[in-house]
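> Turn this into a model:
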Amino acid sequence: MATNRELYVLSRRNQAAMARVEDLLIRDSAKVLTKAKDLPQQQLGAFLRLYTPGLIDRYGSISAAGALTYYNERYALYRAGLSRGVSARAAAAALEGATYAARIPSFNPTALAQGVINYGMTSFATGGYGQMERAVTSSLTRAVAGYNRDTILYNSALDPGVITVQRVAEADSCAFCQLMAFSSTRSASGSNLEVRTSQYAVDFHDRCRCSIETLYQGDSPIRPPYYDKFEESYTDATLEVGSSNTKDVLAAMRVAGGTN
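Numbering: from 1, shown residues only. Sure, this is the predicted structure:
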């Protein structure tokens, strides 16, 4: 399956925006958490309850705004027929009527912060400040990236032209994200694995920069050039374990890639 150039470029831009927000969040989080370095456990809990919702809301809002920009650009491609390979005139004729206006859904940073706080407090109890800092910062990245992904998912569910969504992994993704890029079936030609699409988001992990991309009627899934390497790793792991069992294949891919 050939790469859809317009959608691929847009997805890379969206991932780059997510990465910039994550970098800013990590920098700011380190500064904030330094203030808690000498706090006892009870005061640390109060500190995290005070500051983590603000961090999530501040950077999550930036991430959601980036997702809204992405969605509007993506929708413009669809309306113009560029992503589907049809003429602008034919696209306009097929899409007569009301246009869809994307928007940012409501988020609850206080509720989202609870999991971050619990993880941080557990880490503090077992490993002290250093382990707590790493745990909180890492967990914050998932909460903030969720603003981007959930904004896209929210609008994809309401936009009548959308048929499905796709999780697109970055080039340096971990074994889990590489595995999630594909379904277990081959394309019609049998030469490649089918790219995975769905109506919902598969679980994401901390510091994950996989993006959610919207596919409209007539669009083909995005298959970045580096997916060839991902597929090679998947195929090698499948042959090694002698089955397509997800847990076994993932374990083999992690060993081959030198990750846990």
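
> how near is residue 194 to residue 11?
Distance, residue 194 to residue 11, using CB to CB, to the nearest Å: 18 Å. Using the backbone N, CA and C atoms, a C-beta is placed for each residue, glycine as well.

> When the two are compared, which one has more neighbours?
A side-by-side neighbour count of residue 194 and residue 11, using other CB atoms under 10 Å, places residue 11 first with 22 against 15.

> Touching, the more buried one and residue 211? I think so.
Yes: assessed by CB atoms under 8 Å, residue 11 is found in contact with residue 211 at 5.8 Å.

> for stretch 43-60, what is the average pLDDT?
Across stretch 43-60, pLDDT averages out at 98.

> So for that stretch, what gets flagged as buried?
By neighbour count on 16 or more other CB atoms under 10 Å, the buried set for stretch 43-60 is 44-45, 47-48, 51-53, 55-60.

> counting contacts, what elements does the longest helix seen in the chain pack onto?
Ordering each helix of the chain by length in residues (DSSP state H) puts helix 109-158 first. Helix 109-158 makes packing contacts with helix 5-34, helix 41-80, strand 162-168, strand 211-216 when contacts are defined by 3 or more CB pairs under 8 Å, 6 or more residues apart in numbering; DSSP states H and E.

> Next, give phi and psi for residue 208.
phi -80, psi 130 (degrees, to the nearest 10).

> Just name the shakiest helix or strand of the chain by mean pLDDT.
helix 88-94 (a mean of 52; mean pLDDT, DSSP states H and E).

> quick one on the thing from earlier: now the angle between helix 41-80 and the longest helix of the chain, please.
20 degrees (axes from the mean of the first three to the mean of the last three CA atoms, to 10 degrees).

> Quick check: residue 223 is in a strand.
No: with DSSP: H, G, I helix; E, B strand; the rest coil as the criterion, residue 223 is located in coil rather than a strand.
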